[in-house]
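Visitor: Coordinates only, no sequence provided:
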């Protein structure tokens, strides 16, 4: 089976990875997407945020987290005391998976397991290149791809894990899930996201304080 691994360059620097990802045909999602949406941010970022996939706005603009969910994430980062410019932002899946809606709208469709596994080599290459000390999984798809395939986000949200990939892994809510939450629950969901991001930042500080 063809996967993204067949398109990885020998040079694993971010510019080479990004250029090679533009030509990835590791799964069928590229056939209906406008373009590949690769990660963006500091090449030496200590904090990496990983979502599920680009959305409609990201697909059009080629940049991760610039749509409504990205705007909410910006607010959450600011409330948590984190500069977006200090973070590396990316997604597990690099192409927008969608289904047609009314009046030509393109509606989000969740990537299946095969699509996630096919695209995972890009994310692992990003992690190995950036080498963050804390990685926050935004949403269930990222958490299950990087922590455990049956992880319960409701049970383990905000929990710090260790892995061979990075020293600290944490699952939390995807900002899109906060936007979709019922109005009565949206404020508390946003507060949970901010709390977890602040915990990630505190973890970095605590690591720096170790002898």
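Guide: Arrived safely, thanks for sending. Being a predicted model, the structure only gives us computed values, none of them experimental. Numbers count the residues shown, from 1 in each chain.
Visitor: ok, residue 165 - contacts?
Guide: Residues in contact with residue 165 (CB atoms under 8 Å, 6 or more residues apart in numbering) are 124, 127, 128, 135, 146. Glycine gets a C-beta too; all of them are placed from N, C-alpha and C.
Visitor: again, only using 10 Å
Guide: The neighbours of residue 165, taking CB atoms under 10 Å, 6 or more residues apart in numbering as the test, are 48, 123, 124, 127, 128, 131, 132, 135, 146, 147.
Visitor: With residue 181 instead?
Guide: Neighbours of residue 181 in contact, by CB under 10 Å, 6+ apart: 173, 187, 188, 189, 190.
Visitor: Give me the buried subset of these.
Guide: Buried members of those, counted by 16 or more other CB atoms under 10 Å: 173, 189, 190.
Visitor: Show me where this protein has its strands.
Guide: 40-41, 47-51, 87-91, 98-100, 106-108, 134-138, 168-172 (DSSP state E).
Visitor: Save these as a markdown table, and put in mean neighbour count, mean pLDDT and distance to residue 25 too.
Guide: Converted to a markdown table, the strands of the chain look like this (neighbours: other CB atoms under 10 Å; pLDDT from 0 to 100; distance: least, CB to CB, whole Å):
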| stretch | mean neighbour count | mean pLDDT | distance to residue 25 |
| --- | --- | --- | --- |
| strand 40-41 | 20 | 97 | 22 |
| strand 47-51 | 27 | 98 | 22 |
| strand 87-91 | 24 | 98 | 18 |
| strand 98-100 | 13 | 93 | 18 |
| strand 106-108 | 15 | 93 | 21 |
| strand 134-138 | 26 | 98 | 26 |
| strand 168-172 | 24 | 98 | 29 |
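Visitor: In CSV: these, plus distance to residue 157.
Guide: Converted to CSV, the strands of the chain look like this (distance: least, CB to CB, whole Å):
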stretch, distance to residue 157
strand 40-41, 23
strand 47-51, 15
strand 87-91, 19
strand 98-100, 27
strand 106-108, 21
strand 134-138, 10
strand 168-172, 6
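Visitor: wait, which of these is closest to residue 119?
Guide: strand 87-91 (8.7 Å; CB to CB).
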